[in-house]
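Peer 1: Predicted model, plus sequence, below.
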Amino acid sequence: MRRKGWTFLSNHGHVLVCLADDPDMLLKDVAANIGLTERAVQQIVADLEGARVITRHREGRRNRYVVRREVRFRHPLEAGLRVGDFIDLSRRRPRLRMTDAPPDLTPARERDVR
């Protein structure tokens, strides 16, 4: 399910969160969870590897991704933040896959009127 509008995180951030949650996740599954094409996810993974944010290890026919927690964010506004801090923050969220029904974010006072 493709959601419309903007989000606070970039697609790169979404891929990073998926791989931190499940280092063995297939890129086709990452793509399905985020709502991107597999090719787009492959390019993002290549970007993250190139920036040394993640490393890829081949295990048989599968890849395992390791998030390098010590790497600092690239933008000057977030330069003091490490990738590990971001991952820790993301892990405080409830697990929600794109295939799950989205939570009802309507304020309670509006739900009561319906």
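Peer 2: Cool, got the structure. Numbers count the residues shown, from 1 in each chain.
Peer 1: Output the below-cut-off pLDDT ranges for this protein.
Peer 2: Under the criterion pLDDT under 70, the flagged ranges of the chain are 1-3, 93-114.
Peer 1: Name the single longest helix found in it.
Peer 2: Ranked by number of residues, the top helix in the chain under DSSP state H is helix 38-50.
Peer 1: what's in contact with that helix?
Peer 2: Contact partners of helix 38-50, identified using CB atoms under 8 Å, 6 or more residues apart in numbering, comprise 11-12, 15-16, 19, 27-28, 30-31, 34, 36, 54-56, 65. Any C-beta I mention is one placed from the backbone N, CA and C, and that applies to glycine too.
Peer 1: Most neighbours among those, please name it.
Peer 2: V15 (29 neighbours; other CB atoms under 10 Å).
Peer 1: Find the centremost residue of this protein, please.
Peer 2: H14 (2.2 Å; CA atoms, centre = their mean).
Peer 1: looking at this, that one is in a helix?
Peer 2: Yes - under DSSP: H, G, I helix; E, B strand; the rest coil, H14 falls within a helix.
Peer 1: can you pull out the helices in this structure?
Peer 2: 11-21, 27-34, 38-50, 83-90, 108-113.
Peer 1: Touching, the residue nearest to the centre of the chain and A31? I think so.
Peer 2: No - H14 lies out of contact with A31 (CB atoms under 8 Å); the separation is 10.3 Å.
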